[in-house]
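Colleague: this one's structure only:
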């Protein structure tokens, strides 16, 4: 069991580390960090705009992380805040043309990385892999919320 745990955690850690390096290299061209890539991709899926509160939920990040990222993206001319709502946190955030271009580039890079990362897997293996990840993720989420008492 420990061998599976080590293999699982080391593999996830390596995948995450390699993706962050790839994203970091791509975002460096825009003067940003790799961590900004996830926000650009999420915002790209919401062309009408999205609130920072919703980005927190979609990207599984806390308010401070999203706020710092939005400030950096705004400084680089990648986003605009539309309307201020009750607070800046509730304002609609919209990608500028520059932001859309960056998001499209990151999206293409991610698609390419996923394709190359899964090279050699059959469609059935890929389906099984993602199904297994979903089950593991759900089980670990439940365990983290309920603890070992059950």
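Modeller: That came through fine. Note that the structure is predicted; figures quoted are calculated from it, not measured.
Colleague: which elements pack onto the top helix by length along the chain?
Modeller: Longest helix in the chain, counting residues (DSSP state H): helix 2-28. Applying 3 or more C-beta pairs under 8 Å, 6 or more residues apart in numbering; DSSP states H and E, we find helix 2-28 packed against helix 36-44, helix 97-117. Yep, even glycine has a C-beta here, placed from its N, CA and C like the rest.
Colleague: what residues are up against residue 126?
Modeller: Contacts for residue 126 (C-beta atoms under 8 Å, 6 or more residues apart in numbering) come out as residue 118.
Colleague: excluding chain neighbours, what is closest to the residue positioned nearest the centre of the chain?
Modeller: In the chain, the C-alpha nearest the mean C-alpha coordinate belongs to residue 38, at 3.4 Å (C-alpha atoms, centre = their mean). Nearest in space to residue 38, with sequence neighbours left out and distances taken as C-beta to C-beta, 6 or more residues apart in numbering, is residue 59 at 5.2 Å.
Colleague: the one you found touches residue 39, doesn't it?
Modeller: Yes. Residue 59 lies in contact with residue 39 (C-beta atoms under 8 Å); the separation is 6.3 Å.
Colleague: let me see the mean pLDDT of stretch 17-37.
Modeller: For stretch 17-37, mean pLDDT is 93.
Colleague: what residue ranges in this protein score low on pLDDT?
Modeller: For the chain, the stretches with pLDDT under 70 are 1, 84-89, 150.
Colleague: kindly recompute the last result at 90.
Modeller: 1-5, 8, 82-91, 141, 147-150 (pLDDT under 90).
Colleague: what about residue 93, which SS state?
Modeller: For residue 93, the assignment made with DSSP: H, G, I helix; E, B strand; the rest coil gives strand.
Colleague: any idea how far residue 71 is from it?
Modeller: In this view, residue 93 and residue 71 are 11 Å apart by C-beta to C-beta, to the nearest Å.
Colleague: can you name the element that comes right after the strand or helix carrying residue 55?
Modeller: Under the criterion of DSSP states H and E, residue 55 resides in helix 52-59. Following helix 52-59 in sequence order, the next helix or strand is helix 63-75 (DSSP H and E).
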